[in-house]
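Novice: Model the structure of this input:
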Amino acid sequence: MLAVVVLTGCDREDGRAKLDHVVTASCPKGRPDPVRPTPPRQPLPNDFTPVQVIRCRWESRLLPGKGLWEVVIQEHADGPATGLMTELRRPSERSLFGQDCLDVRILVDYFVVVDSSGRAVLPDVPNGVCGEPFPSALAAIRSLPYHVDKQLPVRRVESEKAFRAGCSDKYPDLLRRQGRPEVVASPIWNPPPEGLRVCVYRITKKTPSTVDPRGMAMGRLESSRILKGSKLRTLLNALDAAPATDCPSNHTRFAVLTPGFWEAYVALDGCHNLRRPDRTLGRLTPDAAALLTK
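Specialist: This next block holds a predicted model:
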């Protein structure tokens, strides 16, 4: 049998305990660490009586004319939130013996409770023996009758052009990474896709803002298209039959081909090198590479 001991800290038992941290009664400017927020969560004294609960949610939303943005949505629920406060004051569970736990983290919504004096607190959420928050506590947080106060754009994730194209605004030039020449040609995608998304990038000048953390040059989105029908069949045949290459990848534009999860990369000038999903290298003819931009 599993022996579980219920731990009650002095902060949970002593209604006169003082709060260690007070936060603002609004959403923070940046998304906090859901596992180790700053300031840390803390147990609530028994004499803390909330009059409002403020919850913050971060979502990605398309803002017309501005692109895809990360937006913070601030909501509030009025009242004593009796059910939530009962859950927050429950003691956490600890096992007297070792406990085998799965490495699964359940994230808690960012929320603060506010009392009549305006003090806002980031409360601790009691958890079970494996450190997971009680499901009843999560349900109590999410079941309150929230009303939206405001929605604030935080940062742009993608331009509207990139979002509608299904491409990223910027992409690292993976063609310059070392691969291995392919000796025997083989199908890149089996079965062949019915459509192929082509995202074309132009390599920008190597400045700190255009070089990714891995030290590779970045390309900026230039155009996009979907290849189908006879053009697609011609291109797939050229990709599958591309001979090995030892030509250096000196190019100014490249295309990322994405029929699904697996991606291939083609230099649109220079040697017209091809990098397959398995990292083998080939070389296309200029006519085959031109299919990607026509």
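Novice: residues of the longest helix anywhere in the chain that come out buried?
Specialist: Assignment by DSSP state H gives helix 229-241 as the longest helix of the chain. The neighbour-count check on helix 229-241 (16 or more other Cβ atoms under 10 Å) flags L232, L235, L236, A238, L239, D240 as buried. Where you see a C-beta, it was placed from the backbone N, CA and C, and this is true even at glycine.
Novice: In the stretch 1-150 of the chain, where is pLDDT below threshold?
Specialist: By pLDDT under 70, the weakly predicted segments of the stretch 1-150 of the chain are 1-18, 98.
Novice: For the stretch 1-150 of the chain, which segments count as strands?
Specialist: 4-7, 50-63, 67-78, 92-95, 110-115, 120-121, 147-158 (DSSP state E, counting those that start in this stretch).
Novice: Let me know which of the ones you listed is the nearest to T86.
Specialist: T86 lies closest, by Cβ to Cβ, to one member of these: strand 50-63, at 12.0 Å.
Novice: Could you export the closest one as PDB, keeping only the C-alpha atoms?
Specialist: Provided in PDB are the C-alpha atoms of strand 50-63 (Å, rounded to 0.1, in the frame of the first residue of the first chain):
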ATOM      1  CA  PRO A  50     -10.300  37.600  -2.200                       C
ATOM      2  CA  VAL A  51     -12.800  39.900  -3.900                       C
ATOM      3  CA  GLN A  52     -11.500  39.200  -7.400                       C
ATOM      4  CA  VAL A  53      -9.600  36.600  -9.400                       C
ATOM      5  CA  ILE A  54      -7.600  37.700 -12.400                       C
ATOM      6  CA  ARG A  55      -6.500  35.200 -15.000                       C
ATOM      7  CA  CYS A  56      -4.100  35.600 -17.900                       C
ATOM      8  CA  ARG A  57      -4.100  33.600 -21.100                       C
ATOM      9  CA  TRP A  58      -1.600  33.800 -23.900                       C
ATOM     10  CA  GLU A  59      -2.800  32.900 -27.400                       C
ATOM     11  CA  SER A  60      -1.800  33.300 -31.000                       C
ATOM     12  CA  ARG A  61      -4.200  35.400 -33.000                       C
ATOM     13  CA  LEU A  62      -4.300  36.800 -36.500                       C
ATOM     14  CA  LEU A  63      -4.700  40.600 -36.400                       C
END
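Novice: Let me see the ranges of the helices in this structure.
Specialist: 10-13, 82-88, 135-142, 160-165, 229-241, 286-290.
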